[in-house]
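Student: return a 3D structure for these sequence lines:
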Amino acid sequence: TYSRGPSSGSEAKAKKGRSSRSSRAGLLFPVSRVDRQLRRGHFAERCGAQASVYLAAVLQCVTQKTMDMAGKISKKSKQQRISPSHLQTAVRKSSLLRQLLQGSVPRCRGRAVPQSRRVASPSKKKKTTKSKKR
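Tutor: Numbers count the residues shown, from 1 in each chain. Reported below is the predicted structural model:
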């Protein structure tokens, strides 16, 4: 006979409560919301199950580092609250954050990049000395 009810072995086990994907991954950022935005954005035809977990983890890491730096800056200025100017200073000071938020892609270092060189111009001291001799 086939019964659809729980077997005797699973009765002894405690029922698992529902847990969010964020708590299972150990994150504070919402994995399900990131997943929904990835699917709605049509960035790709298919989206893996772990892509949203990874992206939520990256967003949390970037936010944590930014807020940590802004907190240190606010302590230096003897303020208890983080203001937008503290966040802006934190982004300006960190080269990696600046690169990430400006969207600039690092250039390939394979070829030499021509640098502008300063052209020597006649100094003003020489002109003043000639005028004094007259």
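Student: elements contacting the helix or strand encompassing residue 88?
Tutor: Secondary structure assignment for residue 88, by DSSP states H and E: helix 84-93. Using 3 or more Cβ pairs under 8 Å, 6 or more residues apart in numbering; DSSP states H and E, the elements in contact with helix 84-93 are helix 51-76, helix 95-102. Any C-beta I mention is one placed from the backbone N, CA and C, and that applies to glycine too.
Student: any low-confidence regions in the chain?
Tutor: Across the chain, the stretches falling below the confidence threshold (pLDDT under 70) are 1-15, 104-134.
Student: swap the cut-off to 90 and go again
Tutor: Where the chain drops to pLDDT under 90, the residues are 1-17, 95-134.
Student: how about the closest residue in space to residue 94 that isn't next to it in sequence, what does it touch?
Tutor: Excluding its sequence neighbours, the residue lying closest to residue 94 (Cβ to Cβ, 6 or more residues apart in numbering) is residue 69, at 6.4 Å. Contact analysis of residue 69 by Cβ atoms under 8 Å, 6 or more residues apart in numbering lists 90, 93, 94, 97.
Student: closest one to residue 20 out of these, please.
Tutor: Nearest to residue 20 among these is residue 97, at 28.4 Å by Cβ to Cβ.
Student: the closest one reaches residue 66, doesn't it?
Tutor: Yes - here residue 97 reaches residue 66: they are 6.2 Å apart, a contact under Cβ atoms under 8 Å.
Student: and for those two, which residues touch both?
Tutor: Common contacts of residue 97 and residue 66 (Cβ under 8 Å, 6+ apart): 90, 91.
Student: residues touching residue 81, list them.
Tutor: Here residue 81 is in contact with residue 74 (Cβ under 8 Å, 6+ apart).
Student: any idea how far residue 20 is from it?
Tutor: Distance of residue 81 to residue 20, given as Cβ to Cβ, to the nearest Å: 30 Å.
Student: likewise for residue 95?
Tutor: Relative to residue 20, residue 95 is positioned 35 Å away (Cβ to Cβ).
Student: kind regards, and thank you for your time.
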